[in-house]
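> dropping a prediction and its sequence here:
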Amino acid sequence: MPQIFAYIAHKDGAAEDSALEMVAAAKKIDPDASVSAVVTGSGADLDKVCQDIAASYSEVLKVDNEVLSYPNAEIVRKALVNILPKGSIVLLPHDTFGMDLGPGLSIKNDSAFVADVVGFEGIDGNILKIVRQEYSGQVSTHVTCDISAGVVLNIRPGVFAADESKSAGGSVVDKSGDAGDLSVTRTFLEIVEAEAGDVDITKSDVLVSIGRGIEDEDNIEIAQELAEAMGADVSCSRPIVDSKWMEKSRQVGTSGQTVKPKVYLAMGISGSFQHLGGIKGSPYIIAVNKNSKAPIFQVADIGIITDILDFIPELTDAIKEL
Amino acid sequence: MEILVCVKRVPDTSENEIEVNSSGSDIERDDLVYSVNEWDNYAVEEAIQIVENAGSGSVTVVTIGDDESEEILRREMAMGANNGLLLSDDAFENSDGKGIATILKAAVDKGNYDLILTGAQAEGGAAQVGGMLAAMLDLPYASLVNKIDIGDSKLKVGREIEGGNQEMNDISMPCVLSIQTGINEPRYVGIRGIRKVASVDIPVMSASDLGIDASAVGEAGAKVKRVDYFVPDLGDGAEMLEGSTEEIIGKLIELLKANGGL
Ligand SMILES: Cc1cc2nc3c(=O)[nH]c(=O)nc-3n(C[C@H](O)[C@H](O)[C@H](O)COP(=O)(O)OP(=O)(O)OC[C@H]3O[C@@H](n4cnc5c(N)ncnc54)[C@H](O)[C@@H]3O)c2cc1C
Ligand SMILES: Nc1ncnc2c1ncn2[C@@H]1O[C@H](COP(=O)(O)O)[C@@H](O)[C@H]1O
């Protein structure tokens, strides 16, 4: 069994949620695995993360270098290629950083790569059996992966329940000297924060949220009328913003806002993990979709199979009559 | 500026409900409507705009697929891409991401490109080919790009990260970028545009034309293999409201009142 390493994403001295989820994911690959963490960064923040994480990992490899103070995937990749033994299993979060790093790392390690892993179904010799999804979660697949030369696995955030046992009692090993040449062809400049909009949907109690099922810009009006009748705000999925039909500040999801309403009406939204990742606090979710197999029905409390273009105006009228 | 854009023909999820076939060997392919992968269409638009603004250069769209994949190359040429290139060979079938990147690398090596664009991801949600291709070519890479400013030998690119924040980077050329949706507004392609390019010759290259060892790609070279499709058993799911629209709305209003929605 190759050694398992998890890359620890962290910010302001605190490890991200994925850190403990990856311990859980590693145990699904091999319940007896002793899992190592790799933490890159610089200074006091890095040391704090290493100390915290040592409770959950049997070994913490620390790479301290000024150029790693911002996690530029190109630099992190170089460090990992030099530090990790050949043939390792490397776990990364399947987020915007993991997408930037994982595929290229697998090539440089000469190992396999599997993105957006949602489950493990055992290992047989060198063959790891993995569960994935395709078409924004509309169908699931089993894939096999030959890990004889190692593998990089990008793990979907939020699917493996965090392992809170914190009983690993690991030690921190300073690997900074082994990181090698960390020069770059891509230089990080700055973060430009997303602009605030006219309404702050993160504070809304009730959201009428529309997706690609709204079909046309002109139809957005019916959602606005429903929201007005309910005293709710209108939010949306990413394609609505991509089409420039609504402002970015109205987008719910990992690359938009994280909302925590009491009630969330998902109108013509399929329920991709990036969309659902922006809904927190277990709201009461009502999904209206004309496809009975839409993944949103797996997470919603209430489902209605119908055409939103007919349904929304009728609901609005009924609410107005109350 | 010579730009190569990698594009893929995929089932259009806004036109189809994707279902597993009865044996679980594939999705139900009958009556599927196909189109160009959404992310790739933004990438082609971006490439066309870059060349238009520079006043020189060309855009080549490339795909790995069968004869039917030619239609998306023509569609993107109707948008304004100058050249199409179809990479097609039985040996390419069932390639994993690394196989796809290996084939694309061979095509890149035959040309002389300043910039190579891919979509951020395709229908499998892997988001892998761009990063693999860049690493194989030993070129700099940035994923999820939603802004490109052209400098002399450098680009300034914005990557869209969590929360919709933008991570700005300088990146040297040539390089590979994966493009995120929303970076631009892809132009409309009308029937007339498609007709104009209907008879343009699109070269086809096979494994041997590309100098690819057939055992390194396709099923033979794949370390990652899809075994089956299935519908997961995820427990109860939502309580479905049924009946006439009036009944459904009546029940829904009660539920909204009970749960703080009204
Ligand atoms: C890095 C990254 C970040 C992302 N971040 C986000 C994010 O923050 N937020 C986000 O939302 N997405 C995000 N996405 C995109 C995400 O993967 C999906 O593509 C997107 O969420 C799909 O939006 P949708 O559900 O509206 O559209 P679709 O998936 O196209 O679903 C439309 C749904 O509407 C239904 N429908 C169609 N017509 C009707 C009708 N008339 N009546 C009823 N139902 C109808 C269909 O059955 C379908 O289920 C991100 C993707 C990437 C790669
Ligand atoms: N068969 C293919 N032909 C050409 N380009 C492809 C192909 N498959 C994937 N790509 C490119 O790789 C990107 C990412 O796809 P993926 O890694 O499969 O999610 C796509 O948006 C395309 O630009």
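Cool, the structure landed. Ligands and ions are numbered 1, 2, ... in the order given.

> what's the single longest strand in chain B?
When chain B is parsed with DSSP state E, its longest strand is strand B:141-150.

> ok, residue B:229 touching residue A:143?
No: using CB atoms under 8 Å, residue B:229 is not in contact with residue A:143, being 10.6 Å away. In this view, the C-beta of every residue, glycine as well, is placed from N, C-alpha and C.

> how about the longest strand of chain B: buried residues?
B:141, B:142, B:143, B:144, B:145, B:146, B:147, B:148 (16 or more other CB atoms under 10 Å in any protein chain shown).

> and after that strand, which helix or strand comes next?
Toward the C-terminus, strand B:141-150 is succeeded by strand B:154-160 as the next helix or strand (DSSP states H and E).

> would you list the strands that that next one pairs with, along with their directions?
When sheet partners are counted by DSSP bridges, strand B:154-160 sits next to strand B:141-150 (antiparallel), strand B:166-172 (antiparallel).

> quick one: contacts of that strand?
Residues outside strand B:154-160 that contact it (CB atoms under 8 Å, 6 or more residues apart in numbering or on different chains) are A:96, A:100, A:189, A:192, A:255, B:115, B:142-149, B:166-173, B:175, B:177, B:180, B:182.

> if you set the cut-off to 6 Å instead, what comes out?
For strand B:154-160, the external contacting residues (CB atoms under 6 Å, 6 or more residues apart in numbering or on different chains) are A:255, B:142, B:144-149, B:166-172, B:180.

> identify the farthest-apart pair in these.
Across those, no pair lies farther apart than A:255 and B:172, at 26.2 Å, counting by CB to CB.

> how far does stretch B:17-29 stretch from start to finish?
Start-to-end span of stretch B:17-29 (CA to CA, to the nearest Å) is 11 Å.

> repeat for stretch A:51-65
End-to-end distance of stretch A:51-65 (CA to CA): 17 Å.

> return the set of buried residues in that stretch.
Residues of stretch A:51-65 classed as buried by neighbour count (16+ other CB under 10 Å): A:52, A:53, A:54, A:56, A:57, A:59, A:60, A:61, A:62, A:63, A:64, A:65.

> restrict those to those near ligand 2?
When CB under 6 Å from any ligand atom is applied, no member of the buried residues of stretch A:51-65 is adjacent to ligand 2.

> go through those residues and flag which are in helices.
Counting by DSSP state H, those place A:52, A:53 in helices.

> closest one of the buried residues of stretch A:51-65 to residue B:135?
Among these, residue A:63 lies closest to residue B:135 (CB to CB), at 19.9 Å.

> hey, what's that closest one bridged with?
Under DSSP bridges, the beta-bridge partners of residue A:63 are residue A:40.

> which residues are in contact with it?
Neighbours of residue A:63 in contact, by CB under 6 Å, 6+ apart: A:40, A:79, A:175, A:176, A:179.

> how far away is it from residue A:120?
Separation of residue A:63 from residue A:120 (CB to CB, to the nearest Å): 27 Å.

> and what of residue A:306?
Separation of residue A:306 from residue A:120 (CB to CB): 37 Å.

> which of these two has more residues huddled nearby?
residue A:120 (19 against 15; other CB atoms under 10 Å in any protein chain shown).

> the more buried one belongs to a strand?
Yes: Residue A:120: assigned to a strand according to DSSP: H, G, I helix; E, B strand; the rest coil.

> count the residues that sit near the closest residue to it other than its chain neighbours.
When the adjacent residues along the chain are set aside, residue A:120 lies closest to residue A:28, with 4.2 Å between them (CB to CB, 6 or more residues apart in numbering or on different chains). Residues near residue A:28, counting by other CB under 10 Å, number 15.

> same question, residue B:93
By the measure other CB under 10 Å, the count of residues near residue B:93 is 15.

> buried stuff in the helix or strand hosting residue A:100?
Taking DSSP H and E as the criterion, residue A:100 maps to helix A:96-108. Residues of helix A:96-108 classed as buried: A:96, A:97, A:98, A:99, A:100, A:101, A:102, A:103, A:104, A:105, A:106, A:107 (neighbour count, 16+ other CB under 10 Å).

> quick check, residue B:40 in contact with residue B:117.
No: with contact defined as CB atoms under 6 Å, residue B:40 does not count as touching residue B:117 (8.4 Å).

> looks to me like residue A:20 is in a helix.
Yes: assigned with three-state DSSP, residue A:20 falls within a helix.

> residues contacting it?
Contacts of residue A:20 by CB under 6 Å, 6+ apart are A:56, A:162, A:163.

> now do the same for it: its pLDDT.
The model reports residue A:20 with a pLDDT of 97.

> now the one 10 residues further on
The score at residue A:30 is 95. That number is its pLDDT.

> what's the local residue count around it?
17.

> ditto for residue A:12
Using other CB under 10 Å, residue A:12 has 7 neighbouring residues.

> quick check: closest non-adjacent residue to it.
Excluding the flanking residues, the one nearest residue A:12 by CB to CB, 6+ apart is residue A:45, at 6.6 Å.
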